[in-house]
Every structure is written in structure tokens, then in C-alpha cells.
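*Asks:* Take this sequence and fold it.
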Amino acid sequence: MNNNIFENVDPETIIKKALLVGLDTGEEADFDRSIDELKSLAEACGKKVVGIICQKASDVNKAWYIGTGKVAEVAEYAKDCEAEEVIFDNLLSPSQIRNLTKAIDLPVLDRNRLILDIFALRARTRESKIQVETARLKYMLPRLVGIHEGLSRQGGGSGALSNKGAGETKLELDRRHIEHRISELKRELEKVEDSRNTQRRLRDKSSVPKVSLVGYTNAGKSTIMNHILEMYGSEDDKKVLEKDILFATLDTSVRLIDKNDKRPFFLSDTVGFINKLPHDLVESFKSTLMEVKYSDLILCVVDYSDENFKEQMKVTADTLTELGAGDIPILYVYNKADRCNMDNLPKIYNDSIYISASNDEGIKELTELIQKLTYKDHREVTLLFPYSNGAEMSDFCNNAEVLSVDYLEEGVRVRGISGSKLIKKYDIFISKTN
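*Replies:* The predicted structure follows:
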């Protein structure tokens, strides 16, 4: 029986048969939706769902999560449908995983472990791989007893990490090895974060507005970015991965959208959110998700065709609050509206727009709305730059909509439209006369 948490499954070549188990205690607003989502997560991880068993109970069984009678039923049904593993729709304690594994005689996973495995499959860049490995190790640490059998045996003195003293168990050695690895990964991630922070400071210095795409996984964020890039991006802009699967995108990608009208903006695509997203995963990905915190505008992308879109919007709002981005202006983008028999797209109502990104319906209007909102504090201003301040004048002209330039005896007079941030930066050059 293999419970190695680092075993990666390639969903394109290996399919594992999985039995899903849920416990309805009445605390979840929509239990059926949670089970449907668990099924989608399992399929996204390359598993074939061969059965679903649910139980209603007033409380969680501390030792087994579900009732003891139901445990026997799960074990019997798993054997009948030839399941290779059992997945529970909630976080299980280390003791629950240990007890269930012995009783069912199959590998037992919980929802958190399943999401972590999906992230491990999707990780492509060095940063995302570090983030995922860190989260998986933190998940593994308190579950060592349940993952390995016979860890009470005494460990030897050989290996990369020797015993601290006679009598140290293999469990203690494994725990120390994992803690050491987490420290190594933390140092590596800090180096990557320094590079990301440098790039962010350069974008901040440019005074170009920053816009972030956020939302539930598979709502269409990457599709929107790619279609905006097709319409307005430069030849050097690279598209992001666009696929109809959960968590297709893990890495935050930032692209410059420039329509050649002096109203450019940076657009970032972030990892999607989901209900019960593991806390360790949010913590590990905070450096990536921090791009959202420094946005001037957030595009909350909603799958309008999903009957649970309101609950998904709440999950997104809660995650933004956890990231410290709850007060940033939001534009709600209701995507896939064509699937709801909504004609004559796009439709714009106050802070909301209904579009169909895959059909290019509303991309142009969405981009114009982004510009309108991110440039609403812009005003016309006239500045007089002495000839000795050519660098400052060049920076202003590169980041403002220049209306006119006049070369006078005392300097260069520039009339342009700019945001308050850039105007404040060069307020000492503001001309008192026209």
C-alpha cells in the first residue's frame, strides 16, 4: 500500500479509480454542490470516479470522520467497484486518515491533499514548484505517522541526517528532514520574491495602472487575458495557458496592454480560487497572489452560466480579504453569459459587464471600461521643465497622454493628461500660467 505524498500522477497516462465520500452535517449551504466539485477535482487530478457515498449526521466522528457503520459500508463498496483509493470531501485529521486507511485497506485522501496534488501536476515554473512543495510538506508533517508504517522502529545513524542521540526514532528523523527542507525552500522562495518585488517596483515606477484578473477556478480569466492580448497586445506578448480544467494556471502572468492611445495598463492573471482552498496553499502562494494587493483595479471574473456563481463570488471575496485586497475597486465581469441565453452582448450595468470571452463578445468594451475606470482620476495639466531636467520630462511624456510640447526660453512646456500619482511626482514643475 503506497501512501507516498510525493507520488505524482500523470492524468494523461494513468487513471486511478476513486471512491468519493462526503459527510453532510448541515453546516454547508449546498452540500450537493460541494460533492460535485469534489468529483471535478478528482477528474482534474486524473482519477476516474467509480462511486459516491454520502452520510447525514449531526456531528463529525472524531476518530473516523464518518460513522463506524458507514466505514464498513465504504470498505465493502470500494471492494465491489474496484476502487484504488478513497477521497473524502473535507480535511481529515492525521488520526482519522490513519484509522480509515487501516479499516478500508486503501489509500485515503482528503480534499486538501487532492488539491495539493492537482497543484503539483500543474506547477511549471520554479516559483510555483517551490510554493507547492512547501505546502505539501506542511500538510505532510503532522501526518507522518499515518503515511508511513513502522516508523516507531529505531533509526540508524547513517543518511543525510544522523541521529541526535541513541533512541531517536525514524519518525523524528523524517520530521527533522522535512523541517530542514521547508527551511531550504523558504530561502529559495525569498530569492524568487526579491526578483518579483523588483519587477513590481519597476511597474510602480512607470505609473501605468495595474489590473488583476481574479475569480473562481475555470471562470475564464486566462481566456479573457488571451483575447485582450490578441486584440491589443504587442507581438512580444505571450499568451497564457488556456484550458477548460480546474487550476489550469498557477503562475501569475503580467502583460502590458497598450492600445497606442497613451492609456496602457498592466494586466495580471492569477491562480483561481476554490471553496476550502487549503490554508497552507494560500500561505505558500501569497508572494504570487500579492500582485493582486498592489492593483489599481480588480476584475472579478464570474462564470455566469454556473448556477452557484453567487457562492463562488463569496469565496473570491473572502480570499481577497484574506490577502488584504478587500478594499480595491472591483469590476465584475460576468463571463459565459451567452450560455444563459443572453443576447446582444456585451451588457454594462454600473460596475458590472456581461460578456462571452470565448466568442470575443465584449472584449473591446471590457478593455475600454478598464481604461475608463483606471484613468478616471486623470486630468489635464501643464508643466514647465527646465532644460536641465530632461530625464524628468522624458519620464512624464512616456507615462502621460501628451497634448502639446513647446520649447521656450526658460524650458520645455508640456501639456498633457495624467493621473494624480504622476502629477504629484512632478508637482514642482507644474506651470502657473498657460
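
*Asks:* List the contacts of the closest residue to residue 266 other than its chain neighbours.
*Replies:* The spatial neighbour of residue 266 that comes closest, neighbours along the chain excluded (C-beta to C-beta, 6 or more residues apart in numbering), is residue 210 at 4.7 Å. For glycine as for every other residue, the C-beta is placed from the backbone atoms N, C-alpha and C. Counting by C-beta atoms under 8 Å, 6 or more residues apart in numbering, residue 210 touches 203, 265, 266, 268, 291, 294, 295, 296, 297.

*Asks:* Quick check: ChimeraX command selecting the buried ones in these.
*Replies:* Applied in ChimeraX, the following selects the buried portion of those according to 16 or more other C-beta atoms under 10 Å:
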select :203,265,266,268,291,295,296,297
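
*Asks:* Among the contacts of residue 210, name the ones in strands.
*Replies:* Assigned to strands by DSSP state E, the following of the contacts of residue 210 qualify: 265, 266, 268, 297.

*Asks:* show me what contacts the last one?
*Replies:* Yep, that's residue 297 we're talking about. 209, 210, 211, 212, 328, 329, 330, 331, 370, 373, 374.

*Asks:* Could you rerun that using 10 Å?
*Replies:* 209-212, 265, 267, 328-331, 369-370, 373-374, 376 (C-beta atoms under 10 Å, 6 or more residues apart in numbering).

*Asks:* For it, list each beta-bridge partner.
*Replies:* residue 211 (DSSP bridges).

*Asks:* check contacts around the closest residue to residue 405 other than its chain neighbours.
*Replies:* Excluding the flanking residues, the one nearest residue 405 by C-beta to C-beta, 6+ apart is residue 414, at 5.5 Å. Neighbouring residues of residue 414 by C-beta under 10 Å, 6+ apart: 381-385, 393, 396-397, 400, 402-406, 426, 429, 431.

*Asks:* Quick one: buried ones out of those?
*Replies:* 381, 382, 383, 384, 385, 393, 396, 397, 400, 426, 429.

*Asks:* now, the most widely separated pair of the residues you listed?
*Replies:* 384 and 400 (14.5 Å; C-beta to C-beta).

*Asks:* related to what we said a few turns ago, helix, strand, or coil at the residue nearest to residue 405?
*Replies:* strand (DSSP: H, G, I helix; E, B strand; the rest coil).

*Asks:* give me the beta-bridge partners of it?
*Replies:* Residues in beta-bridge contact with residue 414 (DSSP bridges): residue 383, residue 405.

*Asks:* gap between it and residue 58?
*Replies:* Look at residue 414 and residue 58: by C-beta to C-beta, to the nearest Å, they are 71 Å apart.

*Asks:* host element of the closest residue to residue 175 other than its chain neighbours?
*Replies:* Excluding the flanking residues, the one nearest residue 175 by C-beta to C-beta, 6+ apart is residue 144, at 6.1 Å. Using DSSP states H and E, residue 144 sits in helix 144-147.

*Asks:* What of residue 197?
*Replies:* helix 170-206.

*Asks:* Could you do residue 39 as well?
*Replies:* Counting by DSSP H and E, the element that carries residue 39 is helix 31-44.

*Asks:* Just the buried residues of the contacts of residue 297.
*Replies:* Buried positions within the contacts of residue 297, assessed by neighbour count (16+ other C-beta under 10 Å), are 209-212, 265, 267, 328, 330-331, 369-370, 373-374.

*Asks:* Now do the SS call for the residue nearest the centre of the chain.
*Replies:* Central residue of the chain (C-alpha atoms, centre = their mean): residue 271, 2.3 Å from the mean position. At residue 271 the chain is in coil, as set by three-state DSSP.

*Asks:* my guess is it meets residue 216, correct?
*Replies:* No - using C-beta atoms under 10 Å, residue 271 makes no contact with residue 216, being 11.1 Å away.

*Asks:* Give the next helix or strand downstream of the helix holding residue 39.
*Replies:* Moving toward the C-terminus from helix 31-44, the next helix or strand (DSSP H and E) is strand 47-56.

*Asks:* Average pLDDT for that next one, rounded please.
*Replies:* The average pLDDT within strand 47-56 is 96.

*Asks:* Name every strand pairing with that strand and say which way it goes.
*Replies:* strand 16-24 (parallel).

*Asks:* got the angle between the partner strand and helix 31-44?
*Replies:* 160 degrees (axes from the mean of the first three to the mean of the last three C-alpha atoms, to 10 degrees).

*Asks:* ok, now which ones touch the nearest residue to residue 326 once chain neighbours are set aside?
*Replies:* Closest residue to residue 326 in three dimensions, ignoring its sequence neighbours and counting by C-beta to C-beta, 6+ apart: residue 320, at 5.2 Å. When contacts are counted by C-beta under 10 Å, 6+ apart, residue 320 touches 212, 214, 273, 289, 292, 293, 298, 300, 326, 327, 328, 330.

*Asks:* which of the residues you listed count as buried?
*Replies:* For the contacts of residue 320, buried by 16+ other C-beta under 10 Å: 212, 214, 273, 289, 292, 298, 300, 328, 330.

*Asks:* ok, those residues vs residue 315, which is closest?
*Replies:* residue 273 (5.6 Å).

*Asks:* From the buried ones among the contacts of residue 297, pick the one nearest residue 27.
*Replies:* residue 330 (28.2 Å).

*Asks:* how near is the closest one to residue 355?
*Replies:* For residue 330 relative to residue 355 (C-beta to C-beta), the value is 16 Å.

*Asks:* What of residue 224?
*Replies:* Between residue 224 and residue 355 the computed distance is 8 Å (C-beta to C-beta).

*Asks:* Give me the common contacts of those two.
*Replies:* 301, 333, 335, 362, 363, 366.

*Asks:* Now do the domain split for this structure, please.
*Replies:* As assigned by automatic domain parsing, the chain contains the domains 16-121, 124-192, 208-374, 379-429.

*Asks:* For these, give me a markdown table that also has distance to residue 199.
*Replies:* Below are those laid out as a markdown table (distance: least, C-beta to C-beta, whole Å):
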| stretch | distance to residue 199 |
| --- | --- |
| domain 16-121 | 23 |
| domain 124-192 | 11 |
| domain 208-374 | 8 |
| domain 379-429 | 17 |
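
*Asks:* Tell me which of those sits nearest to residue 198.
*Replies:* domain 124-192 (10.9 Å).
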